[in-house]
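# Quick one: sequence and predicted model below, then my questions.
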Amino acid sequence: MVGQIVELVLPILIAAFWGAIAVGILIRFTRAKKGKRIRTATEPVVAAAESYQENLIGKTGMQNLNEASDLDQSK
């Protein structure tokens, strides 16, 4: 019984989560100034991805990511 409820509710919650992110990006895109729309709209998503990267590998920024990649390839 509980498993059936989870199987029904979990996909709905996941879709609602991604839908909220998409709506937020669209709102930021429409409110941004011309010429900076894409940067302004995607800034929170990029910041979240960078935080995730920092927590995952302990490095910040794309330069450090490239350095970490070079270290992995040299092993």
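Nice, thanks for sending it over. Numbering: from 1, shown residues only.

# Look at residue 8 and say how many residues are nearby.
For residue 8, the count of nearby residues is 9 (other C-beta atoms under 10 Å). Just so you know, the C-beta spots here come from the backbone N, C-alpha and C atoms, and that holds for glycine as well.

# and the helix or strand hosting it, which residues are buried?
Using DSSP states H and E, residue 8 falls within helix 2-31. Neighbour-count burial for helix 2-31 flags 25, 28 (criterion: 16 or more other C-beta atoms under 10 Å).

# List the contacts of the residue nearest to residue 39 when sequence neighbours are not counted.
In this structure, residue 39 finds its nearest non-sequential neighbour in residue 32, 8.0 Å apart by C-beta to C-beta, 6 or more residues apart in numbering. Contacts for residue 32 (C-beta atoms under 8 Å, 6 or more residues apart in numbering) come out as 39, 40, 41.

# secondary structure class for residue 35?
State at residue 35, reduced to three classes by DSSP: H, G, I helix; E, B strand; the rest coil: coil.

# Quick check: it vs residue 53, distance?
Separation of residue 35 from residue 53 (C-beta to C-beta, to the nearest Å) stands at 27 Å.
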